[in-house]
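Colleague: Got a predicted structure plus its sequence, pasted below:
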Amino acid sequence: MTKASIVVKFDDLRTISQESEQFGVTSEERMAVEPGRVTGPPEGPRYSFGSAEQAAERLRAVGYLPDDRTSTVVHLADRLGKPVLVEGPAGTGKTQLAKSVALARSARLIRLQCYEGLDESRALFEWDYRRQLLHLEAARGTAVVAELESELFDESFLLTRPLLAAIRAQDDVVLLVDEVDRLDVETEALLLEVLSEYQVSIPELGTLTATRIPTVYLTSNNSRELSEALKRRCLFLPLGYPSPEREQEIIASQVPELNQALAASLTALVHSLRRMDLRKPPSVAETLDWARSLLVLGADALTPEVIAETLPVLLKHEADMEVAGRTLLGSA
């Protein structure tokens, strides 16, 4: 297996500095690393869940209600030190699972929100070109070239991004790579490299290796097929819409003020909507929003009037509202 190697080209500082200004730089983004340091293998996992049952119990304690398969995968990921790929429709609790695991472990959450065009400078690291440029201006005519080059690529000019921050963390962290299916193929390959051995090579600083393996959760809305190589490195957890009984349990947990009869009617209607040919079926999060909305409105039953007035809480496309209106209410 090859070591991850990320090479950054140091182009014209002035040009890159201008391109970097939109992101802003804070002192918190800087991280100290030992130049040229090559560490040993990452420390093995420190187990947080003794069993699948314990994982389920601790997730429930922080407000997440896992089914048996989910709690088993969470337990196995903890014991094996493997990433988890959680795949399913939007709004089924994929992101919340990773957040809840972090809460249950009292671990720090590091989140990488993926989007089309994300590259290593936003995912892994980059040099603080503006500060390097200022250093060049200040040292003009006074510094030896070799010394100046060494100073420019000192650790104090390195900006860490989520992937490198997770690799170099000394404390217990959960790395959430959210909506990984939105990445370009090239950036997915970069992610694959980093997750292979939890180390990267920066030519100016040497090899940076994880001192302990971070817990990694990747989420996907299945908008595109991910590479088999990435899938092989992960435990796979498909997460779909819950059953009516399970969704009613979720409502009871998150909106306990709602009476059971109304919650049952609400759940039945949501599931009937999901069986329709809609562009975007209602998610679990939207079900909870609807339950809270009914509380705010003081509704005690799902009358046709209440349904018509509150459909925008569940459905976010006009065409979907028309289909639901015709089916549920008989409206044109």
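Modeller: That came through, no problem.
Colleague: Quick check: Asp320 touching Asp277?
Modeller: No: Asp320 lies out of contact with Asp277 (C-beta atoms under 8 Å); the separation is 9.2 Å. Backbone N, C-alpha and C define where each C-beta goes, glycine included.
Colleague: Which one of those two is surrounded by more residues?
Modeller: Asp320 (20 against 8; other C-beta atoms under 10 Å).
Colleague: The more buried one: what's it in contact with?
Modeller: Residues in contact with Asp320 (C-beta atoms under 8 Å, 6 or more residues apart in numbering) are 278-280.
Colleague: I would like a ChimeraX command selecting only the buried ones among the residues you listed, please.
Modeller: Selection of the buried residues among these in ChimeraX, burial being defined by 16 or more other C-beta atoms under 10 Å:
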select :278
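Colleague: Name the nearest of the contacts of Asp320 relative to Gly325.
Modeller: Leu278 (11.9 Å; C-beta to C-beta).
Colleague: For the closest one, list the residues it contacts.
Modeller: 315, 317, 320, 323-324.
Colleague: And the furthest pair within those residues?
Modeller: The most distant members of the contacts of Leu278, if one measures by C-beta to C-beta, are His317 and Ala324, lying 10.2 Å apart.
Colleague: Compare these two and say which is more crowded by neighbours.
Modeller: Shown here are His317 and Ala324; by other C-beta under 10 Å, Ala324 has more neighbours (22 against 11).
Colleague: Read off the pLDDT value for the more buried one.
Modeller: Ala324 is assigned 93 on the pLDDT scale.
Colleague: where are the low-confidence patches of this protein?
Modeller: Residue ranges of the chain with pLDDT under 70: 1-47, 132, 135, 139, 141-151, 153, 155-156, 203, 331-332.
Colleague: Could you chop it up by domain?
Modeller: With domains defined by automatic domain parsing, the chain comprises 13-238, 244-329.
Colleague: ok now the last one, how far from the chain's centre?
Modeller: Yep, that's domain 244-329 we're talking about. 27 Å (C-alpha atoms, centre = their mean, to the nearest Å).
Colleague: what's the span of it, first residue to last?
Modeller: 21 Å (C-alpha to C-alpha, to the nearest Å).
Colleague: Repeat that for stretch 75-94.
Modeller: Span of stretch 75-94 from end to end, C-alpha to C-alpha: 16 Å.
Colleague: Please identify the buried residues of it?
Modeller: For stretch 75-94, by 16+ other C-beta under 10 Å, it's 75-78, 81-94.
Colleague: Which of these fall in strands?
Modeller: 84-87 (DSSP state E).
Colleague: Could you dump those residues into CSV and include distance to Pro238?
Modeller: Shown next, in CSV, are those (distance: C-beta to C-beta, whole Å):
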residue, distance to Pro238
Val84, 11
Leu85, 9
Val86, 8
Glu87, 6
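Colleague: so, if you compare the residues you listed, which one comes nearest to Gln260?
Modeller: Val86 (29.8 Å).
Colleague: OK, contacts around that closest one?
Modeller: Val86 neighbours (C-beta under 8 Å, 6+ apart): 94, 97-98, 217-220, 237, 239.
Colleague: Among those residues, which lie within helices?
Modeller: When DSSP state H is applied, the contacts of Val86 are split such that 94, 97-98 fall in helices.
Colleague: Count residues in the vicinity of Leu297, would you?
Modeller: There are 11 residues near Leu297, going by other C-beta under 10 Å.
Colleague: Can you tell me the element the closest residue in space to His317 that isn't next to it in sequence falls in?
Modeller: Residue nearest to His317 in three dimensions, not counting chain neighbours: Arg279, with 4.9 Å by C-beta to C-beta, 6 or more residues apart in numbering. Assigned by DSSP states H and E, Arg279 belongs to neither a helix nor a strand.
Colleague: Next, give phi and psi for Arg279.
Modeller: phi -70, psi -40 (degrees, to the nearest 10).
Colleague: ok, it touching Glu322?
Modeller: No: Arg279 is not in contact with Glu322 according to C-beta under 8 Å; the separation is 11.0 Å.
Colleague: So which residue is smack in the middle of the chain?
Modeller: Asp178 (2.8 Å; C-alpha atoms, centre = their mean).
Colleague: Now do the same contact list for that one.
Modeller: Neighbouring residues of Asp178 by C-beta under 8 Å, 6+ apart: 95, 98, 111-114, 219.
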